[in-house]
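# sequence first, then the predicted structure:
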Amino acid sequence: MVFEHSLLAFKQDIEHRGLLDWLEAHTSFMRPLHRYYGTLEVNHESLLFSGTDEKTGSTYDLVIKISEITGIHLGYDHTFMRIEDRSLGIFHFVPLRIDFIIKGKEESIYVFANYSSLIRHSDNQKLFDELTAIRALA
């Protein structure tokens, strides 16, 4: 399953966001807090992200094996709080957090899959369902 126009941020990107990042995420037609923009692909072995680091302009790729995923959470949490989004979560527009182990280190990413700023929508529920189903089979 492929999710184009996807946004991604690591937990530390959210925790260390600057005032300009916060202001951009709260301006009309701007995208939610993120650092990377690109395409997400999910298969039975891995979750792949290929895109651009919007801070540096360089290409960025991330591969997470399904077996390395330790948790999936759809909704706001103590890091990506409602206040981080301009709609405050009123319109069922919520981030998807994926926790995983990579190179022996625990990491978390926040994703908005197939993000559309025009209708302020993402396919995070579809991605959540897909990852949950794949993990159940593993």
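Received, thanks.

# CA only for contacts and neighbour counts going forward, please
Fine.

# in the protein, where is pLDDT below threshold?
The model of the chain has pLDDT under 70 over residues 17-31, 80-92, 119.

# so which bits of the helix ranked longest in it are buried?
Identified as the longest helix of the chain according to DSSP state H is helix 124-137. By neighbour count, with 16 or more other CA atoms under 10 Å as the criterion, the buried positions of helix 124-137 are 124-125, 127-128, 130-131, 134-135.

# ok, stretch 95-103 next?
95-100.

# got those residues as TSV, with secondary structure columns?
Output for the buried residues of stretch 95-103, formatted as TSV (DSSP: H, G, I helix; E, B strand; the rest coil):
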residue	secondary structure
Pro95	coil
Leu96	strand
Arg97	strand
Ile98	strand
Asp99	strand
Phe100	strand
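
# return the set of residues that bridge with the residue minimising distance to the centre of the chain.
Nearest to the mean C-alpha position of the chain, by CA atoms, centre = their mean, lies Val111 at 1.0 Å. Beta-bridge partners recorded for Val111 (DSSP bridges): Leu8, Leu96.

# still on that earlier bit, what's the closest of the buried residues of stretch 95-103 to Ile64?
The shortest approach to Ile64 among the buried residues of stretch 95-103 belongs to Phe100, at 7.6 Å (CA to CA).

# now do the same contact list for that closest one.
Residues near Phe100 by CA atoms under 8 Å, 6 or more residues apart in numbering: 64, 68-71, 106-108.

# quick check: Tyr115 touching His121?
Yes: Tyr115 lies in contact with His121 (CA atoms under 8 Å); the separation is 5.8 Å.

# more crowded one of the two?
Here Tyr115 and His121 are set side by side on neighbour count (other CA atoms under 10 Å), and the busier one is Tyr115, at 21 against 16.
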